[in-house]
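Student: Based on what follows, work out the 3D shape:
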Amino acid sequence: MSNSEKVKGTSKVSKANTALADMLAPSMGSGSANLAMRLTLVKDIPNSRYNRPPQVQKILNYIEALGGTATVAEIMQLADVATGGNIWKRNLTTPYRQDVATVIEHYHLRLVGSVSWIKADARADTLDSAVAYITAQ
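Tutor: Okay, here's the model as predicted:
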């Protein structure tokens, strides 16, 4: 690339950066669930819950231990003091990078049954599709 091409490219980037300054920034989500959101286990929660990611299984266990309904804040408080197999750590030793609210936000649509748990490349006969584990208010 010649020097004149480099200068021309730099000028193009500089102009684009100036144009970006006049545009609205993309809206960003908070990245975590509302702490006041109340989650309630569905009646007769499916056993397929044990085929879900460990963090999801722990969250469902926390809700069950809290009487079947709890706010995200209450679930987070329990996660902070949980012991044994339900401790909020990977392999019981390494803390998860995401907190409970972030995991709930990530899996929310799957947890309420609005989106399938099946990935596009998974075989439909080996995994169930949209299954509700909770309701959220």
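
Student: quick one: the helices in this structure?
Tutor: Using DSSP state H, the helices of the chain run over residues 3-21, 54-65, 72-81, 100-111.

Student: Can I get these in TSV including distance to residue 88 and mean pLDDT?
Tutor: Where C-beta positions appear, they are placed from N, C-alpha and C, glycine not excepted. Output for the helices of the chain, formatted as TSV (distance: least, Cβ to Cβ, whole Å; pLDDT from 0 to 100):
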stretch	distance to residue 88	mean pLDDT
helix 3-21	39	64
helix 54-65	7	91
helix 72-81	4	92
helix 100-111	7	91
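
Student: Quick one: closest of these to residue 32.
Tutor: helix 100-111 (3.7 Å; Cβ to Cβ).

Student: what sits up against that closest one?
Tutor: The contact list for helix 100-111, computed with Cβ atoms under 8 Å, 6 or more residues apart in numbering, reads 29-33, 35, 37, 39, 53, 55-56, 59, 62, 72, 75-76, 79, 88, 96, 98, 115-117, 130, 132-134, 136.

Student: Output stretch 69-84 as PDB, nothing but the C-alphas.
Tutor: C-alpha atoms of stretch 69-84 as PDB (Å, rounded to 0.1, in the frame of the first residue of the first chain):
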ATOM      1  CA  THR A  69     -41.300 -18.300  44.400                       C
ATOM      2  CA  ALA A  70     -38.700 -15.600  45.000                       C
ATOM      3  CA  THR A  71     -37.400 -12.300  43.700                       C
ATOM      4  CA  VAL A  72     -34.000 -12.200  41.800                       C
ATOM      5  CA  ALA A  73     -32.600 -10.400  44.800                       C
ATOM      6  CA  GLU A  74     -33.600 -13.200  47.200                       C
ATOM      7  CA  ILE A  75     -32.200 -15.800  44.800                       C
ATOM      8  CA  MET A  76     -28.900 -13.800  44.700                       C
ATOM      9  CA  GLN A  77     -28.800 -13.700  48.600                       C
ATOM     10  CA  LEU A  78     -29.300 -17.400  48.800                       C
ATOM     11  CA  ALA A  79     -26.600 -18.000  46.200                       C
ATOM     12  CA  ASP A  80     -24.200 -16.000  48.300                       C
ATOM     13  CA  VAL A  81     -24.600 -18.400  51.300                       C
ATOM     14  CA  ALA A  82     -25.400 -21.700  49.500                       C
ATOM     15  CA  THR A  83     -23.300 -24.600  50.500                       C
ATOM     16  CA  GLY A  84     -22.600 -28.200  49.200                       C
END
